[in-house]
Structure formats: structure tokens, C-alpha cells
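Student: what's the 3D shape of this:
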Amino acid sequence: MVVASTFRSLKIYDILANLLPGLMLLIIIAATISVEEYFSGISTSLLVAGFFVVGFIIGHVIQGVASKLNGTPRLFGLVLSEMRNVEPYDPDGTFQALNPQIRDWFGFKRATTSDLNLTEVEEKFWSLARDEFELSDDFKNHGRLMQLVLSYLETVSAARALRFQSIHTFHRSMWGMWILSIPLIIAIQIGGHYNILATRSLSVFILVGSVSLLGIRVFGERKEKFNKKVVEYAIVDFYVQQKSQ
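Tutor: So this is what the prediction gives:
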């Protein structure tokens, strides 16, 4: 079957960042809408295939939305700016108008360099990276430098930073999925109230909503933890590879 062979070829990145968040959102929909009333008479194999295909597509959308919600990546740039004593590029995060405690609780808090353990390894990183990639002293596109470092690590045996990047993307996608689930649950409840949709009991909505809030909290914290890990190990792995040459 074409669908089966396609999903067998998926890499761990695809499964973590795209498939699982998409499937989870479909499960939330199935938990709140009486889907059995809409899909009676359709074969199980077709439903399962459709479930995975639609979940994968939704997962791609969730990843894009989660990236926008999370804001412009800037932790690596802050570390580089501190090493080089240059003015950092530190754009505002999303939903800046919200109360800081509310933003933090919902996972919009952004890590700072004080959250990282900066050592002499980090201090030597810029000179090594500048020489390896033949960069000028006034090069300031730290986002592009991060891309160069990760691409470099893909060509050597160092894979920790890349693994942490996949895990970070997964947690960010799951965080975005739980955030999206809140307005989705509300919309489904409204649809049920006006008999537009066949929905389940109010207790189910309360339970799913509570789980969504917990998911936002947990995955919001986890995505920032692994964001720091990506930056730390990208620098460390690059340093080790350079020193081993």
C-alpha cells in the first residue's frame, strides 16, 4: 500500500515534529465530537489510512503555527553577542501585551543567556567558527551562523545537537497543538450548543480542556529546556570536532 510505504520511510524528525502533534489534535476532535455518527459505513482500513494522512498534514500546519507563536529564535544570537561584545539582536516575543506571569505560564517566556552555562568553550567558539566558515569580523547574521553550524554537524559524527533540535521541535509543536486545542474545543462546544455538531457531554469538554491547559504548561517548559540544549550542544559539538582535527 502506498500510504504504508510512505509512513515507513518517515524519519524520526517527521514522526516527532509532524505526525504525533497532528494525530493528537485529531484524537482531541474525536474525544469531543461524536465522530462515529459521521463515519459509519466506512471501512476501518480506510479510516486508519485517512487518520494518519490527515494527521501528518495537520502536523505540518501545527509546526508552522507553533513556530510563529514561539517567535524569532534568538538565544544563539544572544550567546554570540555576549561573546563578541556586540549589540544583541533581541526581538520581542509574541503576546507582549499580556501579563508577564500569564505569558510565562502559557510558555511564551524566552530563555536568556543567564540560563546557559557559559564556559571557555563558548568563549572560543566564535574564533573557531569564523575561521571554519571564513567569516568576516563584522559578520552579524547569527541565525545564518547557527544554520552553518548545524549543517556542519550533519557532515560529521556529532549528532547530539541535531537530536536535541528534533526533540525541541517536537515539544514546540506539541505546545502549539495544545494551544490550538483550546479555541478548537470552544468552537466545537459552540457548534454542539447550536446543534451544528454532534458533541459529547460537558464533562468530557472540561476534562479535555484541563488536559490541554496542562499540556500547554508542560510542553511550554520542555520546549525552552531543549532550546537551551540545542544551543549548548551545537557549540560544544562544534568545538569538539574542531579540536579533534
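Student: okay, which residue is most central for the chain?
Tutor: Note on the chain: the residue nearest the mean C-alpha position is residue 172, at 2.3 Å, using C-alpha atoms, centre = their mean.
Student: what sits against it?
Tutor: The neighbourhood of residue 172, defined by C-beta atoms under 8 Å, 6 or more residues apart in numbering, consists of 63, 66-67, 70, 219, 223. For the C-beta atoms, the positions are set from N, CA and C on the backbone; glycine is no exception.
Student: again with residue 139
Tutor: Each residue near residue 139 by C-beta under 8 Å, 6+ apart is listed here: 130, 145.
Student: re earlier: identify the farthest-apart pair in the contacts of residue 172.
Tutor: By the measure C-beta to C-beta, 67 and 219 form the most distant pair in the contacts of residue 172, at 14.2 Å.
Student: give me the helices and strands touching the longest helix belonging to the chain, please.
Tutor: Taking DSSP state H as the criterion, the chain has its longest helix at helix 202-244. Judged by 3 or more C-beta pairs under 8 Å, 6 or more residues apart in numbering; DSSP states H and E, the packing partners of helix 202-244 are helix 20-32, helix 75-84, helix 120-132, helix 142-154, helix 160-193.
Student: who are the packing partners of the second one?
Tutor: Read it as helix 75-84. Packed against helix 75-84, as judged by 3+ C-beta pairs under 8 Å, 6+ apart, are the following elements: helix 120-132, helix 142-154, helix 202-244.
Student: least reliable of the ones you listed by average pLDDT, please.
Tutor: Sorting the helices and strands packed on helix 75-84 by mean pLDDT places helix 120-132 lowest, at a mean of 88.
Student: report the angle between that one and helix 142-154.
Tutor: On the basis of axes from the mean of the first three to the mean of the last three C-alpha atoms, to 10 degrees, helix 120-132 is oriented at 90 degrees to helix 142-154.
Student: neighbouring contacts of helix 120-132?
Tutor: So helix 120-132 is contacted by 79-80, 83-84, 116, 135, 137, 139, 145, 148-149, 152, 235-236, 238-239, 242 (C-beta under 8 Å, 6+ apart).
Student: how far off centre is it?
Tutor: 28 Å (C-alpha atoms, centre = their mean, to the nearest Å).
Student: tell me the buried residues in it?
Tutor: Of all the residues in helix 120-132, those buried under the rule 16 or more other C-beta atoms under 10 Å are 121-122, 125-126, 128-129.
Student: ramachandran coordinates for the most far-flung residue of the chain relative to its centre?
Tutor: Largest separation from the mean C-alpha position in the chain: residue 41, at 36.9 Å (C-alpha atoms, centre = their mean). In terms of degrees, to the nearest 10, the main-chain angles of residue 41 are phi 90, psi -10.
Student: who's in contact with it?
Tutor: By C-beta under 8 Å, 6+ apart, the contact set of residue 41 is empty.
Student: residue 105 too?
Tutor: Taking C-beta under 8 Å, 6+ apart as the test, what residue 105 contacts is 217, 220.
Student: tell me the phi and psi of it?
Tutor: Backbone torsions of residue 105, given as degrees, to the nearest 10, read phi -60, psi -40.
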